[in-house]
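J.: compute the structure for the input listed below.
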Amino acid sequence: MEMETTTVPSNSCNGVVPAEATLGQHLARRLVQIGVSDVFSVPGDYNMALLDYLIAEPGLNLIGCCNELNAGYAADGYARARGVAACAVTFTVGGLSILNAIAGAYSGSLPVICIVGGPSSNDYGSNRILHHTIGLPDFSQELRCFQTVTCYQAVVNNLEDARELIDTAICRALKESKPVYISVSCNLAGIPHASFTPHPIPYTLIPVESKKTSLEAAVDAAVSFLNNASKPVMVGGPKMRAANATNTFLKLADACGYPVAVMPSAKGLIPEHHPHFIGTYWGAASTPFCAETVESADAYLFVGPIFDDTNTLSYSLHLKEAKKILVEPDRVVIGDDGSTYDSVRMKDFLSALAGMVRRNETGFENHRRMYVGDGYPRRSKENEALRVNVLFQHIQKMLCGEMVVVAETGDSWFNCQKLKLPPGCGYEVQMEYGSIGWSVGATLGYAQAAPEKRVVACIGDGSFQMTAQEVSTMLECGQNSIIFLINNGGYTIEAVIHGGPYNVIKNWNYTGLVDAICNGKGKCWTTKVGCEEELIEDIDGAIGANKDCLCVIEVMIHKDDTSRELLQLGTICSAAKSRPSKP
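T.: Predicted structure coming up:
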């Protein structure tokens, strides 16, 4: 979400606001002002008074989730589509339940405002032991947990500084593109205060400007580095999202003529119909001829990369530091000597570079010379058991610009990476954190934030069992996502790394479960497919007659039917995790 405004706009003047609003009204109004129209929540006795004020705000819709973890996952998905999100839970039992999802949002650099209904302001310092605690009169356990996974924490137990704490927390979330924690004492939500005015947040949102001398030096060094290369390449990384730099990345790509690749967790940030797009760079699991093009280049420009073990397929990249330029959100590093230019904004650097670098299409021409088009899976025999490669061949055919793909942790990581996104089609994956079950809540949140898009979620049966109940909330919200529930009897991604009986799970009647959750209320269509003929018919049904329904297509797959990339990952990870301890 591009945001260059000097203040948070007050775009919600819903009715007459009293001169002295209550704390609850102030917080609700602030959420609307920054673009949040839905709050994912689970009620508890510490937060219900505050929830009343969120419900009363005309610009807000309170969405009750089945549990706190799912509410956090939903906020994660919402923030991906809307640029900011909010969730509201109760003290400690709710806060610690949502903590895992907030950690995932922190890993993904997503501004999620986590609101917790806290103890009464009268209980602080009273030496009382409260319920929903660990049996100590100290109420700070939850706060200490959140300190490591949020960029700012506000404990609001006094009206005098409540406005400043709330406004600072919201601004920090937007400025740093990270989650924040706001605890509001349960007895304060209905109390007015003179500081709770309807004016916009009195803080600027302009990021720190680049230091002019550092920017000029970084651009000069990069231009010299790139112009001296014969076949440079560009690779986009996931940090471009938080830096709002995708447009300037494309501006540079248009100007320089280099081949353009993305890291796997950045898929969807760059339009794949760009004329110089060559695919996903993922080490041994790269799309065909992408790794060869990147690794044979004599200069690589990495923009916003994360070189963790998932993005590098257990560090299987074959790169030389001497050939690398790293563009971080606030600095640039060039070459193996680590020449570093601090206080340089990614957008400023890319924009300046676009106007100075020499156009060079050699790398892209080399890619075109070696490239051979995709092969197709072996044709299925009549009523032959469905194979994964056939499934994704037909998912590819159904995709359009009005859809967004959500890929769950597991083999869907690899199979969805191979999908070629048509213009306008989005893509979301939680790769760095990789929390199994994330996609169910994220599907709920994304669909709520962007109803103009139809979510196509690819979820394994093991992942679905973690968070399945949130289908209930999708139905309550009238969503029409398509869920391909890939049933192969267990945790396949775990099994290929380390086999064991714990990777096999009890099979459910998944379509029956979803029908039971629907219970006659909501638009729902479920089906189970086992062969290609049934798949074709049911995809037609999902995008045709049932286009307004939540569609769950259970796909029966053999337990050993995996992508070659997952098998590669299993071999590499197994070897890495069995290394003997260093002396």
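
J.: wait, residue 355 touches residue 255, no?
T.: Yes: the pair residue 355 and residue 255 passes the contact test of Cβ atoms under 8 Å, sitting 7.3 Å apart. For glycine as for every other residue, the C-beta is placed from the backbone atoms N, C-alpha and C.

J.: tell me which of those two has more neighbours.
T.: More crowded of residue 355 and residue 255, by other Cβ atoms under 10 Å: residue 255, with 17 against 11.

J.: residue 362 versus that one, what's the distance?
T.: The gap separating residue 255 from residue 362 is 15 Å, by Cβ to Cβ, to the nearest Å.

J.: who does residue 112 form a beta bridge with?
T.: Note on residue 112: beta-bridge partners by DSSP bridges are residue 85.

J.: for the remainder of this discussion, apply numbering that starts at 145.
T.: In the new numbering, first residue 145, that becomes residue 256.

J.: for the host helix or strand of residue 364, buried residues please.
T.: Secondary structure assignment for residue 364, by DSSP states H and E: helix 356-371. Buried residues in helix 356-371, defined by neighbour count with 16 or more other Cβ atoms under 10 Å: 358-359, 362-363, 365-367, 369-370.

J.: same check, this time on stretch 378-386
T.: Residues of stretch 378-386 classed as buried: 378-386 (neighbour count, 16+ other Cβ under 10 Å).

J.: off-centre distance for stretch 364-384?
T.: Taking Cα atoms, centre = their mean, to the nearest Å, one finds stretch 364-384 lying 26 Å from the centre of the chain it belongs to.

J.: remind me which residues of the stretch 395-544 of the chain are low pLDDT?
T.: Across the stretch 395-544 of the chain, no stretch falls below the confidence threshold (pLDDT under 70).

J.: may I have the phi/psi pair for residue 424?
T.: Main-chain dihedrals, residue 424, degrees, to the nearest 10: phi -100, psi 130.

J.: can you check residue 459 too?
T.: Per-residue torsions, residue 459: phi 60, psi 50 (degrees, to the nearest 10).

J.: separation between it and residue 427?
T.: Distance of residue 459 to residue 427, given as Cβ to Cβ: 8 Å.

J.: what of residue 545?
T.: Using Cβ to Cβ, we find residue 545 at a distance of 30 Å from residue 427.

J.: of these two, who's got more company?
T.: A count of neighbours by other Cβ under 10 Å puts residue 427 above the other of residue 545 and residue 427, at 22 against 12.

J.: my read is that that one contacts residue 453, right?
T.: No: Residue 427 is beyond contact range of residue 453, at 10.3 Å (criterion: Cβ under 8 Å).

J.: and for those two, which residues touch both?
T.: Listed contacts common to residue 427 and residue 453 are residue 459; contacts here mean Cβ atoms under 8 Å, 6 or more residues apart in numbering.

J.: pLDDT weak spots in the stretch 245-394 of the chain?
T.: Short version for the stretch 245-394 of the chain, where the test is pLDDT under 70: 346-351.

J.: how about the helices in it?
T.: Per DSSP state H, counting those that start in this stretch, the stretch 245-394 of the chain carries helices over the ranges 285-290, 306-320, 356-371, 383-386, 390-400.

J.: rounded mean pLDDT for stretch 164-173, please.
T.: Mean pLDDT, stretch 164-173: 94.

J.: list the buried residues of that stretch.
T.: Buried residues in stretch 164-173, counted by 16+ other Cβ under 10 Å: 165-173.

J.: which members of the residues you listed are positioned in helices?
T.: Judged by DSSP state H, the buried residues of stretch 164-173 include 167-173 as members of helices.

J.: return the closest of those with respect to residue 232.
T.: Lowest distance from residue 232 to these (Cβ to Cβ) belongs to residue 171, with 9.5 Å.

J.: for residue 485, see how far away the closest one is.
T.: Taking Cβ to Cβ, one finds residue 171 at 40 Å from residue 485.

J.: residue 699: what secondary structure?
T.: Following DSSP: H, G, I helix; E, B strand; the rest coil, the label given to residue 699 is strand.

J.: give me the domain ranges for this protein.
T.: Taking automatic domain parsing as the criterion, the chain consists of the domains 167-329, 356-514, 532-714.

J.: tabulate those domains (a markdown table), appending distance to residue 340.
T.: Shown next, in a markdown table, are these (distance: least, Cβ to Cβ, whole Å):
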| stretch | distance to residue 340 |
| --- | --- |
| domain 167-329 | 4 |
| domain 356-514 | 30 |
| domain 532-714 | 27 |
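
J.: between those domains, which one is nearest to residue 524?
T.: Nearest of these to residue 524, taken as Cβ to Cβ: domain 532-714 at 4.4 Å.

J.: my guess is residue 443 meets residue 378, correct?
T.: No: at 9.8 Å, residue 443 does not count as touching residue 378 under the criterion of Cβ under 8 Å.
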